[in-house]
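Asks: A structural model of the following input is requested.
(chains A and B)
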Amino acid sequence: QIQLVQSGPELKKPGESVKISCKASGYTFTNYGMYWVKQAPGQGLQYMGWINTETGKPTYADDFKGRFVFFLETSASTAYLQINNLKNEDMATYFCARNPGYWGQGVMVTVSS
Amino acid sequence: NIVLTQSPATLSVTPGESVSLSCRASQSISTSIHWYQQKSNESPRLLIKYASQSISGIPSRFSGSGSGTDFTLSINRVESEDFSIYYCQQSYSSLYTFGAGTKLELK
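Replies: This next block holds a predicted model:
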């Protein structure tokens, strides 16, 4: 069956970087793009952008240009989200997802000094 | 960017009632709208795709309608497990967007 399994929770300090993984199984990884969604505590879903798993080309929503990086390890059917120079407002749960309607379990990132 | 406006923000109902949740797009998006249910500390679950297409495993009391800019998620006879937050999402643009959500709560 199709699964997206994400890495575990992260505790980071402001200014540090974090790398979140999303391992896909049960389908051909390069046939579907992967997108990323942020959910701050008690808030709604915010679309961050997506990565073309065939070409590796990322596309970022306006609020996520600069410190956010999407990349792939295609041989391992894994997509990554890296957030550089973490800020307090980056504290959230981050989901990977693919159409139609397959989501990872989410990764909670806590930013605290 | 395409903005999705969901209404109402909160809907208070008793089990057995039937409800309609609205999602309005800032421009015409054909039928490229999808509905999700999210319970606390869980990933969103796809309920309806492309405005009205059903999803395997989703109870038949959930249905969707609409095209262009106005879309509706209907729940026929709400059950206790349905109390959660509902989001619409558009895939008309390559940069998807979500609505702010409608919270369905117990009256």
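
Asks: which residues does the residue in chain A sticking out farthest from the centre contact?
Replies: The centre of chain A is farthest from one residue, A:Ser113, which by CA atoms, centre = their mean lies 22.8 Å away. When contacts are counted by CB atoms under 8 Å, 6 or more residues apart in numbering or on different chains, A:Ser113 touches A:Lys13, A:Pro14. All C-beta spots, glycine's among them, are computed from the backbone N, C-alpha and C.

Asks: any idea of the pLDDT on the residue of chain B found nearest chain A?
Replies: Distances between chain B and chain A by CB to the nearest CB are smallest at B:Leu46, namely 2.8 Å. As predicted, B:Leu46 sits at a pLDDT of 97.

Asks: A:Tyr32 too?
Replies: pLDDT at A:Tyr32 comes out at 96.

Asks: beta partners for the closest residue to it other than its chain neighbours?
Replies: Distances taken as CB to CB, 6 or more residues apart in numbering or on different chains put A:Arg98 closest to A:Tyr32, at 4.6 Å, once the chain neighbours are dropped. Residues in a beta bridge with A:Arg98, per DSSP bridges, are A:Tyr102.

Asks: Next, the contact list for A:Arg98, please.
Replies: A:Leu4, A:Ala24, A:Tyr32, A:Gly33, A:Met34, A:Tyr35.

Asks: Tell me the bridge partners for the last one.
Replies: Read that as A:Tyr35. A:Trp50, A:Ala97.

Asks: Name all residues that make contact with it.
Replies: With CB under 8 Å, 6+ apart, A:Tyr35 has these contacts: A:Tyr47, A:Met48, A:Gly49, A:Trp50, A:Ile51, A:Cys96, A:Ala97, A:Arg98, B:Tyr96.
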